[in-house]
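J.: Give me coordinates for this.
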Amino acid sequence: MAVGAETTAPPLADDPFKIPLWDWSAGVRGAGGYKDNVTLSHTNGPGGAFWMSEAEVMLFRLPTKGWFFNAFADFADTRYFDVPSVKSEQVGVTGLQLSKAFHNGWNSTFGVTGLYQNQVLDYADAYTNQNSIGQIVGTTLAPRWSVRKTWAALWVEAEISGTRQWFDAPLDSYWAYGPRLALGHGWGQGSEISLSYQFSRLDYDGRPQVTAAGASIPDTLLALNVHAAELSLTHFWDAKQRWQTLSGVGVAANFDNGAGYYDYANGHISQRVRYRDEQWEVSLQAKLNFYGYLNQSVSATDLEKRQRTLMNLGLRAERKLTKHFLVHVSYLFDRSFSNQEFEDYLANTFMAGIGLTI
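T.: Below you'll find the predicted structure:
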């Protein structure tokens, strides 16, 4: 599932009365698989077989008079057969987007995304204890508004977004908000390169500031200021758009409003290769993420600065057997290298299943 993904508008009908302006699509999927480290544990993580069920629906309106609207919802439920500590996981995503094209290359978009998560996740980049890796329950609501100006193949976009994140204990809920500015250039049949900068401010509901040694400071509230820049390249290698690569490289810096215990520098690089035709869709993706903490030590007795590297690999293949029926297989590899023992882990996930589209 892709949260906040861009949706390409369908072509405008010459005569809107010949076809319905509103259309929809839906699909269901089921898959069985095995994950060898369900809890992302450093040692002796339980493995188990599972069954995943997923349903999705999309609604959209063909663009008329410059207006375009689409909405979607997706829900996935995973049931483990023999993992007592994690019986099930759920992820639900919903969103809507309303766009208006104006004269002289101006476009405005408003969107809202909602997310529900009850799953094993890794939030250790923002926390310092083992409770930040495990089954976490959270709900997210994220509205955004953007304005784009296009000059032929060149465009510039300004966006303001907000996020309300509700977490169950032991994590703490927060507000996040801030602007984003992006500059891009397109060519060919949908290829594009863009450079963006985003500032985010996170204000926690009850999480306190800490001293340089990590001790909580009473009657204070923690806030984080995050600066992030990213260069992205999307390229189609053939006229039929069967081969596509998506490349990204970015840097980020995080600063807290206290003694700097949570300050870190981050760098990441990602690559995805996708092939798609009338029957097949195959994709391979890889991401490398590095965190280096500026002031935080591993422990009171180990003064080496905390650092970690996350490596994620994914392979997926999908084959249409009929107009509405498909089969799919996938493999996921997650590896965390860290000088903090609790966040050093390895996990492999294998899955194969069927799908039905309407």
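J.: quick one: the spatially closest residue to N257 that is not a sequence neighbour from S336, how far?
T.: The shortest distance from N257 to any non-neighbouring residue, by C-beta to C-beta, 6 or more residues apart in numbering, is to A223 (4.3 Å). Any C-beta I mention is one placed from the backbone N, CA and C, and that applies to glycine too. Distance of A223 to S336, given as C-beta to C-beta, to the nearest Å: 26 Å.
J.: now swap in D77 and tell me
T.: From D77 to S336 the distance is 26 Å (C-beta to C-beta).
J.: more neighbours, these two?
T.: Shown here are D77 and S336; by other C-beta atoms under 10 Å, S336 has more neighbours (22 against 15).
J.: Can you name the residues bridging to Y293?
T.: Beta-bridge pairing for Y293 (DSSP bridges): Y264.
J.: Please apply the same query to T349.
T.: Residues in beta-bridge contact with T349 (DSSP bridges): K35, L332.
J.: What about it, how many residues nearby?
T.: Look at T349: counted by other C-beta under 10 Å, it has 18 neighbours.
J.: Correct me if wrong: it contacts Y34.
T.: Yes. T349 sits in contact with Y34 when judged by C-beta atoms under 8 Å, with a separation of 7.4 Å.
J.: now the stretch 201-350 of the chain, which segments are flagged as low pLDDT?
T.: Scanning the stretch 201-350 of the chain for pLDDT under 70 picks out no residues.
J.: how does it look with 90?
T.: Scanning the stretch 201-350 of the chain for pLDDT under 90 picks out 213-214, 298-301, 303.
J.: residue boundaries of the strands in it?
T.: Assigned by DSSP state E, counting those that start in this stretch, the strands in the stretch 201-350 of the chain fall at 223-236, 243-256, 264-276, 280-297, 305-320, 325-338, 345-357.
J.: residues of the fifth one that come out buried?
T.: When you say that, I think you mean strand 305-320. 306-308, 310, 314, 316-318, 320 (16 or more other C-beta atoms under 10 Å).
J.: which secondary structure elements does that strand contact?
T.: In terms of contacts (3 or more C-beta pairs under 8 Å, 6 or more residues apart in numbering; DSSP states H and E), strand 305-320 is packed against strand 280-297, strand 325-338.
J.: Ok, the fourth one next?
T.: Using 3+ C-beta pairs under 8 Å, 6+ apart as the contact criterion, the neighbours of strand 280-297 among helices and strands are strand 264-276, strand 305-320.
J.: who does the last one pair up with?
T.: The strands that strand 305-320 pairs with in its sheet are strand 280-297 (antiparallel), strand 325-338 (antiparallel) (by DSSP bridges).
J.: In a markdown table: those strands, plus distance to D263.
T.: Shown next, in a markdown table, are the strands paired with strand 305-320 (distance: least, C-beta to C-beta, whole Å):
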| stretch | distance to D263 |
| --- | --- |
| strand 280-297 | 4 |
| strand 325-338 | 17 |
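J.: residues contacting the closest residue to Q119 other than its chain neighbours?
T.: In space, and not counting its chain neighbours, Q119 is closest to E89: 3.9 Å by C-beta to C-beta, 6+ apart. With contact set as C-beta atoms under 8 Å, 6 or more residues apart in numbering, E89 has these partners: 77-78, 118-120, 135.
J.: Same check on F255?
T.: 224-226, 263.
J.: Farthest-apart pair in those residues, please.
T.: V226 and D263 (10.7 Å; C-beta to C-beta).
J.: Find residues that contact each of those two.
T.: 253-255.
J.: The helix or strand containing T94: how far from the chain's middle?
T.: Using DSSP states H and E, T94 sits in strand 88-101. Strand 88-101 has its C-alpha centroid displaced from the chain centroid by 12 Å (C-alpha atoms, centre = their mean, to the nearest Å).
J.: try stretch 236-247
T.: 22 Å.
J.: With stretch 253-272 instead?
T.: Its chain's C-alpha centre lies 17 Å from the corresponding centre of stretch 253-272 when counted by C-alpha atoms, centre = their mean.
J.: Repeat that for stretch 57-77.
T.: 19 Å.
J.: Tell me the buried residues in that stretch?
T.: For stretch 57-77, by 16+ other C-beta under 10 Å, it's 57, 60-63, 68-76.
J.: and if you look at stretch 191-204?
T.: 191-192, 194, 196, 198, 200, 202, 204.
J.: residue contacts, Y174?
T.: Applying C-beta under 8 Å, 6+ apart, the residues near Y174 are 165, 202-205, 207.
J.: Show me what it is bridged to.
T.: Q165, Y204.
J.: Which of the buried residues of stretch 57-77 fall in strands?
T.: 57, 60-63, 68-76 (DSSP state E).
J.: In those, find the pair that's most separated.
T.: So, these by C-beta to C-beta: farthest apart are P63 and A76, at 30.0 Å.
J.: burial of the residue nearest to Y177 when sequence neighbours are not counted, as a residue count?
T.: Spatial nearest neighbour of Y177, chain neighbours left out: G162 (4.3 Å); criterion: C-beta to C-beta, 6+ apart. Burial measure for G162: 14 neighbouring residues, criterion other C-beta under 10 Å.
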